[in-house]
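Undergrad: Let me see the structure of the following:
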Amino acid sequence: MFRNLSIALLTLLAASSTTRGDEHTLKTFATGSYQQILSENIEKPFVLAIWSIDCPSCLKDMDVLYQLHQRHPQLTMIMLSTDEPGASDQVNTILTQHKLDNLQNWIFGNDDAQKLRYEIDPGWYGELPRTYFFSSSHQRSGKSGALKLEELETRIADIIP
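TA: Next up, the predicted model:
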């Protein structure tokens, strides 16, 4: 009986872990994660959108980011929430509501938030929303503040060959 219960439990755990593919997993952003993102996107343009559940402008930008993703599905878009790991459920809910849960999604880990921001950009002091546009050679430009689709399209044209 114990063996059958163990098998049933393992089967249930395996099924629940495969129901959510890797693209739906909220990854923990810790020291070294920024370099990991750069390494995983060698010679590829991408957008890094940094946001928070407590940022009204960030939440408004979600629809614009979704539109951008619909127009440029080949462009890698990475979402990074600056919220603490305890907000994971809320972060996932917002991403799902805005149909951005199929992107690569990260949330700040328990490391010092200031240190994590500095690792991304020493000149960034935490203002949100913050969006970075990376060319295939990893030349980047950053923008703080609300996004407009027209401006995004211009910036995307600058990074896509």
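Undergrad: alpha carbons only for contacts and neighbour counts from here, please
TA: Noted.
Undergrad: Would you map the strands across the protein?
TA: Assigned by DSSP state E, the strands in the chain fall at 26-29, 46-51, 76-81, 104-108, 130-134, 140-144.
Undergrad: what bits of this protein have low per-residue confidence?
TA: Within the chain, the ranges that satisfy pLDDT under 70 run 1-24.
Undergrad: Please report how far A113 lies from Y66.
TA: Distance of A113 to Y66, computed by Cα to Cα, to the nearest Å: 26 Å.
Undergrad: again, but for G86
TA: G86 is 25 Å from Y66, where distance means Cα to Cα.
Undergrad: E150 too?
TA: Per Cα to Cα, E150 is found 14 Å from Y66.
Undergrad: correct me, but E43 touches H138?
TA: Yes. E43 is in contact with H138 according to Cα atoms under 8 Å; the separation is 7.4 Å.
Undergrad: And the two? Which one has more around it.
TA: For E43 versus H138, neighbours defined as other Cα atoms under 10 Å are more numerous around H138 (16 against 13).
Undergrad: Quick check, the more buried one in contact with E40.
TA: No. Taking contacts as Cα under 8 Å, H138 lies outside contact range of E40: 11.6 Å.
Undergrad: now the helices for the protein?
TA: Ranges of helices within the chain are 2-19, 33-40, 56-71, 88-97, 113-120, 149-159, based on DSSP state H.
Undergrad: Can you lay out those as CSV showing distance to N105 and mean neighbour count?
TA: As requested, these are exported to CSV (distance: least, Cα to Cα, whole Å; neighbours: other Cα atoms under 10 Å):
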stretch, distance to N105, mean neighbour count
helix 2-19, 17, 11
helix 33-40, 11, 13
helix 56-71, 13, 17
helix 88-97, 9, 16
helix 113-120, 16, 16
helix 149-159, 19, 14
